[in-house]
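# Attaching a predicted model along with its sequence, questions to come.
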Amino acid sequence: MKKKVYISGAIAHYDQEERRRAFDDAERFLSLKGFEPVNPFKNGLPDEAHWRLHMRADIALLLECDYIYMLRGWELSKGAKLELDVASSCGIGVLFENQFNL
């Protein structure tokens, strides 16, 4: 059974199309490495939904995963820092894009 990996990174206050491409690229990369990626851009909410609604949906997705994959620049995101804290607190493994070599 494939391990599920939640993709986390900066989204709000950035160019949405550029961010969507970065998350889609990570999704393809993780799939090629044998994981089942979970992309928060596909959380079922419209892009314009309030940030808090996105965070609730995203954290629910995260809690179903075995790992969290932190994209470069995650340190600049309030949401990504929160997701990392939740993952660490709940025993979810952490992978960093800049250190990920399989």
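Good, I have the coordinates.
# Okay, now the unreliable bits of the protein?
Residue ranges of the chain with pLDDT under 70: 100-102.
# how far away is A26 from G79?
Applying CB to CB, to the nearest Å, the value for A26 to G79 is 16 Å. C-beta coordinates here come from the backbone N, C-alpha and C atoms, glycine included.
# can you pull the buried residues of the longest helix seen in the chain?
Ordering each helix of the chain by length in residues (DSSP state H) puts helix 16-32 first. Residues of helix 16-32 classed as buried by neighbour count (16 or more other CB atoms under 10 Å): R19, A22, F23, A26, E27, F29, L30.
# for whatever helix or strand comes next after that helix, which positions count as buried?
Next helix or strand after helix 16-32 toward the C-terminus (DSSP states H and E): strand 36-38. Buried residues in strand 36-38, counted by 16+ other CB under 10 Å: P37, V38.
# Run through who's touching strand 36-38.
2-7, 26-27, 30-31, 61-62, 64-65, 69 (CB atoms under 8 Å, 6 or more residues apart in numbering).
# Starting from that strand, tell me the next helix or strand along the chain.
Later in the chain than strand 36-38, the nearest helix or strand by DSSP H and E is helix 51-62.
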